[in-house]
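Asker: Just to be clear, the model below is a prediction. Sequence and coordinates:
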Amino acid sequence: MSHSSISSWAWTKRRFAVGKAKNHLKNLTPSEKAILRGYIFNHTKTQKLDMMDGVVNGLAHLGIIYQASYINNLLVGAAYNIQPWAWNFLNENKHLLEITEEEKDFVHGSSSRRSGRAR
């Protein structure tokens, strides 16, 4: 396989993954919204999150956020950054992060995910 076909394949694979992740951003759970709101509404691209949290790991697996440092503090968590494309997409579509009154009851563990950030 030539270098150009490998890079073309990698680009296609990444574009497919970003498309899949963007579709997911249109149907977020209340807990996912709570995490992503921390980036957008606090105007930060880094948050300290619990690396053992399933919601955090789900967003990382989808490529929406990524663990920026593997240094983890049990009290404040590990640094997670939001992907640049996700930052731009969510800033352009803040309505996707709105949490309804009904959804507020389904946001679990948000205080243990973050280190002292406002919800």
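Answerer: Received, thanks.
Asker: residues contacting Y80?
Answerer: T46, Q47, K48, L49, V56, A60, I65, Y66, Q67, A68 (Cβ atoms under 8 Å, 6 or more residues apart in numbering). C-beta: built from backbone N, CA, C; applies to glycine.
Asker: Looking at those residues, which are in helices?
Answerer: Per DSSP state H, helices hold the following members of the contacts of Y80: V56, A60.
Asker: any idea which of the contacts of Y80 is closest to N27?
Answerer: I65 (16.8 Å; Cβ to Cβ).
Asker: Would you mind measuring from that closest one to D50?
Answerer: With distances taken as Cβ to Cβ, to the nearest Å, I65 is found 13 Å from D50.
Asker: Who has more neighbours out of the two?
Answerer: For I65 versus D50, neighbours defined as other Cβ atoms under 10 Å are more numerous around I65 (25 against 20).
Asker: The more buried one is in contact with Q83, isn't it?
Answerer: Yes. If you go by Cβ atoms under 8 Å, I65 and Q83 touch, sitting 6.8 Å apart.
Asker: Pull the residues that contact stretch 90-103.
Answerer: Stretch 90-103 has contacts (Cβ under 8 Å, 6+ apart) with 25-26, 28, 30, 33-34, 36-37, 39-41, 82, 107.
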